[in-house]
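S.K.: here is a sequence with its predicted model. Questions after.
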Amino acid sequence: MLFRYKGLDIYYEKSGEGQPLLLLHGWGCSIRTMDLFMSRYRTSRTVWALDFPGFGGSSYPDGVWEVSDYSLMTEEFIRTLIGEPVDVICHSFGGRVMIKLAAGHPELVKRIVFIDAAGVRKKRTLGYFIKVYSYKLSKAALKNRALGKMLDFLGIDYRKRISSAGSEDYRALPDNMKGTFIKVVNEDLTPWLRDIKAPSLLIYGENDSDTPVSMAKIMEKKIPDAGLVIIENAGHFSFADAPGRVLGITDVFLK
């Protein structure tokens, strides 16, 4: 099914009957990532799941989007199609969207399960700044022949550094999504956490390197009504690594 939002087609699926539950996938994923929860809860609830613009069956954003744009789209989806406060299970990037939505519109959200959610900026190390300024120097060398010759003389392959810059997620994106990715990952949503009124459950993989447990502990501290569960031997997709345990925990929280 399609939901029209500002000229964009937003693909979504709806299944079951009962109290509404909204599923929000992570960056680079789609509705299919959340099939575990769709299958679990559609026998007792009306389960809604959508593809964010740029992913799955939805249109690409019309320009560079920020987290706020995705949040506004999701707000409109809830108001127009669901029409009542909703429980939410969100993974990774879906957590970013829910942080802003729940903080700005608490009347739309009942309970939230944040799974390996993003939103808290990682601490930036010396290595990070070296990498950033090395990239900037390499870009400058493309425009400045003298600087380029100097780097060549020093044995620094600045052309290779530019072509390999950025994360795997960034390099895999089509050009029309790269600006959105940069906007999204560089926004620190920590100040929004204190305004989340909905009871929140944080589920994080012990070995998650994308959104480490250190981020989860900040979220647990900042969100007024939050609890944290750490899944042993699980990574960024903790619900895929330990589906039985994650479902058992969400079952209890959502009752």
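M.R.: Done, it's in. Residues are numbered from 1 along each chain as shown.

S.K.: where in the chain is pLDDT low?
M.R.: 123-173 (pLDDT under 70).

S.K.: redo that, cut-off 50
M.R.: Residues of the chain that meet the criterion pLDDT under 50 lie in 125-135, 158, 165.

S.K.: from the centroid of it, which residue is nearest?
M.R.: Nearest to the centroid of the C-alpha atoms of the chain, with distances taken as CA atoms, centre = their mean, sits Phe93, at 0.3 Å.

S.K.: OK, contacts around the nearest residue to that residue once chain neighbours are set aside?
M.R.: For Phe93, ignoring the flanking residues on the chain, the nearest one in space by CB to CB, 6 or more residues apart in numbering is Trp27 at 3.8 Å. Every residue, glycine included, has its C-beta placed from N, CA and C. Contact criterion CB atoms under 8 Å, 6 or more residues apart in numbering gives 55, 92-93, 118, 169, 181, 184 as the residues in contact with Trp27.

S.K.: I'd like to know how far Trp27 sits from Val67.
M.R.: Noted for Trp27: a distance of 11 Å to Val67, by CB to CB, to the nearest Å.

S.K.: list residues touching both of these two?
M.R.: Jointly contacting Trp27 and Val67 under the rule CB under 8 Å, 6+ apart are Val184.

S.K.: Lys222 contacts Leu189, correct?
M.R.: No - the criterion here is CB atoms under 8 Å, and Lys222 misses it with Leu189 at 9.9 Å.

S.K.: more neighbours: which of those two?
M.R.: Using other CB atoms under 10 Å as the criterion, Lys222 and Leu189 rank with Leu189 on top: 21 against 18.

S.K.: right, and the more buried one touches Phe93 too?
M.R.: No - the pair formed by Leu189 and Phe93 falls short of the contact definition of CB under 8 Å, at 11.3 Å.

S.K.: what's the burial count for Arg4?
M.R.: A count of neighbours around Arg4, defined by other CB under 10 Å, yields 10.

S.K.: and for Glu107?
M.R.: Using other CB under 10 Å, Glu107 is surrounded by 7 other residues.

S.K.: my read is it is in a strand, agree?
M.R.: No - secondary structure assignment places Glu107 outside any strand; it is helix (DSSP: H, G, I helix; E, B strand; the rest coil).

S.K.: from Val185, how far off is Ala103?
M.R.: For Ala103, the distance to Val185 under the criterion CB to CB works out to 19 Å.

S.K.: by neighbour count, which of the contacts of Trp27 wins?
M.R.: Neighbour max across the contacts of Trp27 (other CB under 10 Å) = Ala118, 27 neighbours.

S.K.: for Gly205, grab phi and psi.
M.R.: Reported as degrees, to the nearest 10, the phi and psi values for Gly205 are phi -70, psi 140.

S.K.: just to revisit the earlier point, thought the residue nearest to the centre of the chain was touching Phe52?
M.R.: Yes - using CB under 8 Å as the test, Phe93 is close enough to Phe52 to be in contact (7.5 Å).

S.K.: secondary structure element for Met177?
M.R.: Element membership for Met177 (DSSP states H and E) is helix 175-185.

S.K.: in that helix, which residues are buried?
M.R.: 177, 180-181, 184-185 (16 or more other CB atoms under 10 Å).

S.K.: now swap in stretch 228-242 and tell me
M.R.: Of the residues in stretch 228-242, those scored as buried under the neighbour-count criterion (16+ other CB under 10 Å) are 228-231, 234-239, 241-242.

S.K.: among those residues, which are in helices?
M.R.: 238-239, 241 (DSSP state H).
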